[in-house]
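Colleague: Need coordinates for the below:
(2 chains)
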Amino acid sequence: MPLPTSALDFGIFNDRRYPLPEVSAMTETINVNINGTTYSHDVEPRLLLIHYLREVVGLTGPHIGCETSLCGACTVELSGKAVKSCAVFAIQCDGAKILTIEGMAANGKLHKIQEAFWNEHGLQCGFCTPGMIMTTKQILDRNPNPSDQEIRHGLEGNLCRCTGYQHIVNAVKAAAKAAGA
Amino acid sequence: MIPQQFEYSAPKTLDEALGLLAEGARPLAGGMSLIPMMKLRLSNPEHLVDLGRIKDLSYIREQGTVIHIGATTTHHDVESSPLLRGKCPLLAETASHIGDVQVRNMGTIGGSVAHADPAADYPAALQALEAKIVLKGAKSERTVSAADFFVDTFTTALESGEIVREVIVPVDGSGTGTSYQKVLQPASGFAIVGIAVRVRKQGDKVAMARIGVTGLSNRAFRATAAEKALEGRSGSPAEIQAVAALVGQGVDANSDLHASADYRLHLASVYAAKALAVALGRIA
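Modeller: Residues are numbered from 1 along each chain as shown, chains lettered A, B, ... in the order given. You can find the predicted model right below:
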């Protein structure tokens, strides 16, 4: 049997660190709206949302960090709520609306949160940033004027190994200020 | 990490779900414990029934002297509910300590309770609240107390084919003070030790004390010896210290790389004192 060459051949994804899953015929069709575009795909029930987004839809903004639902790099917005997409099955999202980091900028203009992270140096290597920004959106959607403590409590599910968080907290504050201006 | 293959159903009614569960399927609620376990292949269900699409399983309703909370009510719904914040603040406060924002957005009270992680936060509060847990199977429904529900590590009074349908907590009036104090494992957010306290005073004496403990041993429990020692006292700092020292008495404490058994027992007494002091201070 020839080696599979694409993610779809595996039915799942094509990361060679993992043993190849056996190809399964058991799939179901899901319809999801991602960043304003409707997609329809046949997926295995066990396909995680992060793998669906990255390998099937091709949106590689949400990152795979820890794969154990601790680091928050894979955070996306599912029906208005920030979730860790490595701990949700794609099939659970049938009919749902998803927003990823790719959907934040509009008409070639960065979102105010993205601008604030840029201006405040709220990133160094940038790996955690897509998740940080999606969680920041959740924090500000619920509380437009959070205190430092509320920001830190809100970011507990997102790990950054570069910044020491201070500039990220500054960025969230700047984004809140920009949104209120 | 890829879980094993499984069949997936997402019924719209509870009856339909219970029918599938009776045939051996396993329930999926928020998935915040189950999905990571499936990824690690610690759990390999062959058939998952997603409870997320069942209408009317997510609610918070006041009825007389109690509040009913539906199984798929998320931790975020609990922590942000004005009804619970006003009338059962211990549960709302406890929910705000669970995991992180993303976990609280997906995780559900029914799922957490049914999973019965010995370091989960809710069980401490549910013990202190003397909550009732409604279990439903395809053919019958029964109500058990939190004290009887949490049997052992990951082990509850749930029978095969049953799910937690709702949790019932009491309305706490303004004469009640509550607090949840927790030492958390910083990576996972789970409680190394968590203490939920609920106290009521009559005059200057403590008329009722309830102390729920999680993380310390194989299951969440009520520290009844400490409760009894506080009742009838005024709750002075010296009395709080003496009472808090009783919380771990006779407990076979957990030991792991985060905290030895001795250290956990020490933390239990320190955090019980903290929770007692805060709860007594909150009596309006």
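
Colleague: now A:I98, nearest residue through space, not along the chain?
Modeller: Nearest residue to A:I98 in three dimensions, chain neighbours excluded: A:I34, at 4.6 Å (CB to CB, 6 or more residues apart in numbering or on different chains). C-beta here means a position set from N, CA and C on the backbone, and glycine is covered the same way.

Colleague: Ok, B:A17 next?
Modeller: In space, and not counting its chain neighbours, B:A17 is closest to B:P11: 4.7 Å by CB to CB, 6+ apart.

Colleague: how much space is there between that neighbour and B:L57?
Modeller: In this view, B:P11 and B:L57 are 11 Å apart by CB to CB, to the nearest Å.

Colleague: do B:L34 as well
Modeller: From B:L34 to B:L57 the distance is 17 Å (CB to CB).

Colleague: re the thing from before, and the residue nearest to A:I98, what is it in contact with?
Modeller: Applying CB atoms under 8 Å, 6 or more residues apart in numbering or on different chains to A:I34 gives the contacts A:53, A:57, A:59, A:98-100, A:103.

Colleague: right, and the pair among those with maximum separation?
Modeller: Greatest spatial distance among the contacts of A:I34 (CB to CB): A:V57 and A:L99, at 12.9 Å.

Colleague: any idea how far chain B is from A:F127?
Modeller: 17 Å (CB to the nearest CB, to the nearest Å).

Colleague: where does the stretch 101-250 of chain B come near chain A, residue by residue?
Modeller: B:101-103, B:105-106, B:187-189 (CB under 8 Å from any CB of the partner chain).

Colleague: Buried among those? Need that as a selection in PyMOL.
Modeller: A single PyMOL command is used to select the members of these judged buried by 16 or more other CB atoms under 10 Å in any protein chain shown:
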select buried, chain B and resi 101+102+103+105+106+188+189
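
Colleague: closest to A:L159 among the residues of the stretch 101-250 of chain B next to chain A?
Modeller: Using CB to CB, B:A187 comes nearest to A:L159 of those, at 8.9 Å.

Colleague: Surely the closest one touches A:L70?
Modeller: Yes: with contacts counted by CB atoms under 8 Å, B:A187 reaches A:L70, the gap being 6.1 Å.

Colleague: got any ranges where chain B has weak pLDDT?
Modeller: By pLDDT under 70, chain B has no low-scoring segment.

Colleague: let's see 90
Modeller: Counting by pLDDT under 90, the ranges of chain B that qualify are B:1, B:55, B:173-174, B:186-189, B:284.

Colleague: Look through it and tell me its longest strand.
Modeller: Longest strand in chain B by number of residues (criterion: DSSP state E): strand B:191-202.

Colleague: Partner strands of that strand and their direction?
Modeller: Paired with strand B:191-202 in the same sheet, following DSSP bridges, are strand B:176-184 (antiparallel), strand B:205-214 (antiparallel).

Colleague: any idea of the mean pLDDT for stretch A:82-92?
Modeller: The average pLDDT for stretch A:82-92 rounds to 98.

Colleague: Quick one: the strands in the chain, in order.
Modeller: Using chain A. Under DSSP E, chain A gives strands at A:28-34, A:37-43, A:75-78, A:81-84, A:97-99.

Colleague: Chain B, not that one
Modeller: Applying DSSP E to chain B gives strands spanning B:7-9, B:26-28, B:47-50, B:60-63, B:66-70, B:132-136, B:141-145, B:150-152, B:155-156, B:163-170, B:176-184, B:191-202, B:205-214, B:221-222.
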